[in-house]
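K.L.:
I need the structure of the sequence given here:
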Amino acid sequence: MVKEEIINAIDIGSSKVRTLVAKVIPDDPKPHIIGVGEAEASGVRRGAIADIEETVTSISNSLEQAERVSGVPVQHAYISVGGGHIISEASRGVIAVARADNEITEDDVGRAIEAASTISLPQNHEILHIIPRNFTVDNQSGIKNPAGMTGVRLEVEAIILEAPSSYVKNLVRCVNRVNVEVDDLVVAPLAAAQAALSKRQKELGVVLINIGSGTTGVVIYEEGDLLHSFILPVGSEHITNDLAIGLRTSVDVAEKVKLEYGSATPSRFNRKDEINLQNLDEKEEGVVSSRQIAEVIEARLVEIFSLINKELKKIDRAGKLPAGAVLVGGGAKLPGIVELAKNELKLPVRLGALREAEAVIEEVNDPSYATAMGLIFWGMGHLEEQKSSGFNIGGVSDTVGKIRKFFKNFLP
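P.N.:
Model (predicted):
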């Protein structure tokens, strides 16, 4: 009998820590989610570790829930990396083909990608991902996988994602403190794309927008290639803060207002529509305008989409992505956000639907679980590569292993 495998994922966000335990059955493309844990995230601010002890407690609480549901101890996991400190930049690598008959091997491909990683990094930064976009063999460009072709010179265009070493070390330390080994660190929007985007969307051209609590992660694909990735230091918690100031109420009440009465469409309310805050908290007094609440939410979302449009203009893709925009993350569930995004981005927009999975709890299909589910699919891709190549996949310090894994993950 072929052995089943277990893949674990821990998504460490600014408001929640989500843990998934998945059973992978041979010849079944769908993961079976057998454990789910969710805990309030303390110690994380806008994707960065602000307090190690609080973060460790949050991870531990989430882990305990997932282990209790699954009955499986979580000893290793794929971990999400968020925060506006992540930098994306383009790079090129060039090598001479090694074999005498000029046939390009996988080792040549790996060497080319590794050559692309020899860039001048900011002080105390390290590479998280080296993602090949396309290859050029001699004078023939636009090649997706050059292995097996013949040529003298191999060149690769790649996207490199990097982060401050201190942040990476603190994140790994928090995970290790709960006796969990890191299988890999994955930038959050890249993981979300694994769960929410199809191959066809990536080929046509698409932007994935992952609206979290403290940050908004964005990835853009075209012709199957990653074109650009960035993380904005603004998210749905900023909407809550805006409401707290605008309504002159507490942050807790403002969060309830957002979740229960929030909308991104002021025009659906008239001036007489009001909400009694005492219905949300007996200590509160007064009524607030539903239209005012929607105007506050709309203003912050317009800011987020305008910042995204600014980045799209930099790569000449504003209004030019046929598959449009896909919204995921907890902030994507606000009523009216899809229509607002259409107006601001001038693109077709839809709420992301996650790839199919068997799950013990229906909530894992929610857009807020996109990153956690994406980590599971990321792990499945690495597991498949391990079995097919016999290559030993190491931890976050295994540079060559990472190169091979990322090459496998991003081939269309």
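K.L.:
just how off-centre is stretch 320-327 within its chain?
P.N.:
A distance of 17 Å separates the centroid of the chain from that of stretch 320-327, by C-alpha atoms, centre = their mean, to the nearest Å.
K.L.:
and that stretch, which residues are buried?
P.N.:
Within stretch 320-327, the residues scored as buried using 16 or more other C-beta atoms under 10 Å are 321, 323-327. Heads up, the C-betas are built off the backbone N, CA and C, glycines and all.
K.L.:
contacts for it, please.
P.N.:
Identification of contacts with stretch 320-327 by C-beta atoms under 8 Å, 6 or more residues apart in numbering yields 196-197, 200-202, 204-209, 211, 220, 222, 312, 337-338, 341, 345, 347-352, 367.
K.L.:
try 6 Å
P.N.:
Outside of stretch 320-327, the residues that reach it under the criterion C-beta atoms under 6 Å, 6 or more residues apart in numbering are 196, 201, 204-209, 341, 345, 347-349, 351-352.
K.L.:
need the buried ones from the residues you listed selected in PyMOL.
P.N.:
The following PyMOL line selects those of these that are buried, judged by 16+ other C-beta under 10 Å:
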select buried, resi 196+201+204+205+206+207+208+209+341+345+347+349+352
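K.L.:
from the buried residues of stretch 320-327, pick the one nearest residue 230.
P.N.:
Taking C-beta to C-beta as the measure, residue 230 sits nearest to residue 325 out of the buried residues of stretch 320-327, at 14.4 Å.
K.L.:
dihedrals phi and psi, that closest one?
P.N.:
The phi/psi pair for residue 325 (degrees, to the nearest 10) reads phi -120, psi 140.
K.L.:
tell me what the closest residue in space to residue 143 that isn't next to it in sequence is bridged to.
P.N.:
Among residues not flanking residue 143 along the chain, residue 135 sits closest, at 4.3 Å (C-beta to C-beta, 6 or more residues apart in numbering). Listed by DSSP bridges, the beta-bridge partners for residue 135 are residue 143, residue 156.
K.L.:
and the pLDDT for residue 135?
P.N.:
At residue 135, the model reports a pLDDT of 95.
K.L.:
who's in contact with it?
P.N.:
Contacts of residue 135 by C-beta under 6 Å, 6+ apart are 143, 146, 156.
K.L.:
ok, now how distant is the first one from residue 342?
P.N.:
Pointing back at residue 143 there. Distance from residue 143 to residue 342, counting by C-beta to C-beta, to the nearest Å: 36 Å.
K.L.:
check the last one too.
P.N.:
In this structure, residue 156 and residue 342 are 36 Å apart, going by C-beta to C-beta.
K.L.:
poorly predicted segments of this protein, please.
P.N.:
Residue ranges of the chain with pLDDT under 70: 1-2, 387-412.
K.L.:
show me the helices in it, by range?
P.N.:
For the chain, the helices defined by DSSP state H occupy 52-70, 106-116, 165-177, 188-196, 199-204, 236-247, 251-261, 290-314, 337-345, 370-389, 399-410.
K.L.:
tell me which of those is the most buried.
P.N.:
helix 188-196 (a mean of 29; mean count of other C-beta atoms under 10 Å).
K.L.:
other SSEs contacting it?
P.N.:
In this structure, helix 188-196 packs against strand 206-211, strand 216-222, strand 325-328, helix 370-389, with contacts taken as 3 or more C-beta pairs under 6 Å, 6 or more residues apart in numbering; DSSP states H and E.
K.L.:
can you list the ones you listed in a markdown table and add distance to residue 74?
P.N.:
Listed next are these as a markdown table, based on distance: least, C-beta to C-beta, whole Å:
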| stretch | distance to residue 74 |
| --- | --- |
| strand 206-211 | 24 |
| strand 216-222 | 24 |
| strand 325-328 | 24 |
| helix 370-389 | 13 |
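K.L.:
go through the ones you listed and name the closest to residue 23.
P.N.:
For the helices and strands packed on helix 188-196, the distance to residue 23 is smallest for helix 370-389, at 10.3 Å, taking C-beta to C-beta.
K.L.:
packing partners for that closest one?
P.N.:
The contact analysis (3+ C-beta pairs under 6 Å, 6+ apart) places helix 370-389 against strand 5-12, strand 16-24, strand 76-81, helix 188-196, helix 399-410.
K.L.:
what residues of the shortest one count as buried?
P.N.:
Within strand 76-81, the residues that qualify as buried are 76-81, counting by 16+ other C-beta under 10 Å.
K.L.:
closest to residue 90 among the residues you listed?
P.N.:
residue 81 (19.8 Å).
K.L.:
list the residues that contact that closest one.
P.N.:
With contact taken as C-beta under 6 Å, 6+ apart, residue 81 is in contact with 185, 187.
K.L.:
against residue 222, how distant is residue 316?
P.N.:
For residue 316 relative to residue 222 (C-beta to C-beta), the value is 11 Å.
K.L.:
between the two, which is the more surrounded one?
P.N.:
residue 222 (21 against 8; other C-beta atoms under 10 Å).
K.L.:
what about the residue lying closest to residue 289 once chain neighbours are set aside, neighbour count?
P.N.:
Take residue 289 and drop its neighbours on the chain: the residue closest to it by C-beta to C-beta, 6+ apart is residue 274, 5.9 Å away. By other C-beta under 10 Å, 15 other residues sit near residue 274.
K.L.:
please apply the same query to residue 99.
P.N.:
There are 11 residues near residue 99, going by other C-beta under 10 Å.
K.L.:
just residue 161 next, same as before
P.N.:
Residue 161 has 23 nearby residues by other C-beta under 10 Å.
K.L.:
wouldn't it be in contact with residue 128 here?
P.N.:
Yes: contact criterion C-beta atoms under 6 Å: residue 161 and residue 128 qualify, at 4.9 Å.
K.L.:
anything in contact with each of those two?
P.N.:
By C-beta under 6 Å, 6+ apart, the residues touching both residue 161 and residue 128 are residue 187.
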